[in-house]
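Undergrad: 3D, please:
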Amino acid sequence: MNKTSPISISLNFDSINESLGFPNNFYDPSYFAGFDRVIKILNKYNIKISIFVIGKDLKNKEVFARVRDWASYGHEIGNHSWSHFHNLGSLKKNDIDNEILRSHEIIEKCTNKEPEGFIAPSWNTSKKVVSKLIELNYSYDHSIFPSFGLPVLYLKDALNHIGSKRFFRIIDRKDWMYHFFSPKKPFFVDSYMKKIEKKEKKKLLIMPLPNNSKFFIPIWYTLGFIFGWKFFYNYLNKFLNNNEYFYLLFHPADFTSNEDIPKKYNNYLQRFNISVEKKISILEKIFLIISKSKRKCVTMKELARQYIKK
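TA: Numbering: from 1, shown residues only. Got it, this is the predicted structure:
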């Protein structure tokens, strides 16, 4: 492996606003005090990341301005759908098109750039999703979870949302086999989700979560909360030292907590009982490990372009 190969950091911006059902006049701390905690660490290591936002969040003028600032700092702003329906890939075609297009348009308005990257909520994808992304000239999509462990994680997530309307959306998916049998490395597909050669004109680069075995779980930040941080730090070092293809995905829940939310809200978010202090300590340790690897961090867009040019 070439240890100088670049890597990326992907922030899948599942906002507190969305998790609470987009309440009226809610000031979402994940976009402000929450992300300020992350910016300090990113600036320390001069790292630019890719931030995949929910389009509906940008209806708030303050959030809109905040995301515009992130783009001006050099961070990539990607599309995470309009409403963050967990069953996006199972929706009707018109609804899928609307979810992708509305978010696409408001991101372009906010950043003066069309988004090039997409990730579906809960990695819930379909031919209809891919077809719309190709129609809008997206460069890449990273909505693939290449592991037989996906149903186990989904069951855990569904159980955490019993009593919420999200429960039925979470279990409404039809793309299991696609995740199970997709390649573990980046590959190109056409609008029918059929694997093709990169020379094809109408294509989309698929960038799966990094994984070495379909019988284990891909690496992403949440694993530390599931299996413990000693395990995660070792697992992260292993990937950084042995995998040419690598990106690390994390969420706002990794740098915010119940301390940030008024008690009147019914919060279904996981891992929010862990203090902000503890979470930031973990985040700093992870970015220190990444820095020590000496591998350059680029945006997902830049990483995708390298595979497109190969």
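Undergrad: can you list the residues that contact stretch 270-285?
TA: 37-38, 41, 157, 160, 222, 224-225, 229, 233, 253-261 (C-beta atoms under 8 Å, 6 or more residues apart in numbering). Heads up, the C-betas are built off the backbone N, CA and C, glycines and all.
Undergrad: and it, average pLDDT?
TA: With pLDDT averaged residue by residue, stretch 270-285 scores 93.
Undergrad: what of stretch 30-47?
TA: What stretch 30-47 shows for mean pLDDT is 96.
Undergrad: quick one on the thing from earlier: in helices, which of the contacts of stretch 270-285 appear?
TA: Secondary structure of those is defined by DSSP state H; positions in helices are R37, V38, I41, D157, G224, F225, W229, Y233.
Undergrad: the stretch 201-310 of the chain: helices as residue ranges?
TA: Secondary structure of the stretch 201-310 of the chain (DSSP state H, counting those that start in this stretch): helices located at 223-227, 229-242, 276-292, 300-309.
Undergrad: buried residues in the longest one, which are they?
TA: For helix 276-292, the buried set under the neighbour-count rule, 16 or more other C-beta atoms under 10 Å, comprises V276, K279, I280, I282, L283, I286, F287, I290.
Undergrad: right, and the helix or strand after the strand or helix carrying N94?
TA: Under the assignment given by DSSP states H and E, the secondary-structure element containing N94 is helix 93-111. Past helix 93-111, further along toward the C-terminus, the next helix or strand under DSSP H and E is strand 117-118.
Undergrad: show the average pLDDT along that next one.
TA: Rounded to a whole number, the mean pLDDT of strand 117-118 is 98.
Undergrad: packing partners of it?
TA: Secondary structure elements in contact with strand 117-118, counted by 3 or more C-beta pairs under 8 Å, 6 or more residues apart in numbering; DSSP states H and E, are strand 50-53, strand 76-79, strand 140-141, helix 300-309.
Undergrad: in CSV: the ones you listed, plus mean neighbour count and distance to N12.
TA: Compiled in CSV, the helices and strands packed on strand 117-118 are given as follows (neighbours: other C-beta atoms under 10 Å; distance: least, C-beta to C-beta, whole Å):
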stretch, mean neighbour count, distance to N12
strand 50-53, 26, 5
strand 76-79, 26, 9
strand 140-141, 24, 13
helix 300-309, 18, 11
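Undergrad: dump these to TSV, plus distance to Q270 and mean pLDDT.
TA: Listed next are these as TSV, based on distance: least, C-beta to C-beta, whole Å; pLDDT from 0 to 100:
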stretch	distance to Q270	mean pLDDT
strand 50-53	19	98
strand 76-79	23	98
strand 140-141	25	98
helix 300-309	24	94
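Undergrad: minimum distance to S5: which of these has it?
TA: Among those, helix 300-309 comes nearest to S5, with 8.5 Å by C-beta to C-beta.
Undergrad: got a list of contacts for the closest one?
TA: Counting by C-beta under 8 Å, 6+ apart, 6-8, 10, 50, 76, 78, 116-117, 139-140, 142, 186, 198, 205, 207, 247 sit against helix 300-309.
Undergrad: what about the stretch 201-310 of the chain, any weak spots by pLDDT?
TA: Across the stretch 201-310 of the chain, the stretches falling below the confidence threshold (pLDDT under 70) are 266-268.
Undergrad: likewise for the stretch 1-150 of the chain?
TA: Low-confidence segments of the stretch 1-150 of the chain, defined by pLDDT under 70, span residues 1-3.
Undergrad: what's the longest strand in the protein?
TA: The residue-count maximum for a strand in the chain (DSSP state E) belongs to strand 7-12.
Undergrad: what packs against it?
TA: By 3+ C-beta pairs under 8 Å, 6+ apart, strand 7-12 packs against strand 50-53, strand 247-250, strand 297-298, helix 300-309.
Undergrad: now that strand and helix 276-292, what's the angle there?
TA: 150 degrees (axes from the mean of the first three to the mean of the last three C-alpha atoms, to 10 degrees).
Undergrad: re the thing from before, now the buried members of the contacts of helix 300-309.
TA: Neighbour-count burial (16+ other C-beta under 10 Å) is assigned, among the contacts of helix 300-309, to 6-8, 10, 50, 76, 78, 116-117, 139-140, 142, 186, 205, 207, 247.
Undergrad: now do the SS call for L133.
TA: Under DSSP: H, G, I helix; E, B strand; the rest coil, L133 falls in the helix class.
Undergrad: how much space separates it from H86?
TA: 18 Å (C-beta to C-beta, to the nearest Å).
Undergrad: go on, E200?
TA: When distances are taken as C-beta to C-beta, E200 and H86 turn out to be 31 Å apart.
Undergrad: more neighbours: the two, which one.
TA: Between E200 and H86, counted using other C-beta atoms under 10 Å, the more crowded position is H86 (23 against 12).
Undergrad: I'd guess that one is in a strand, am I close?
TA: No - membership of H86 in a strand is not supported by three-state DSSP, which gives coil.
Undergrad: element containing the residue nearest to it when sequence neighbours are not counted, please.
TA: If you skip the residues right next to it in sequence, H86 has R169 as its closest partner in space, 4.1 Å away by C-beta to C-beta, 6 or more residues apart in numbering. Following DSSP H and E, one finds R169 within helix 166-171.
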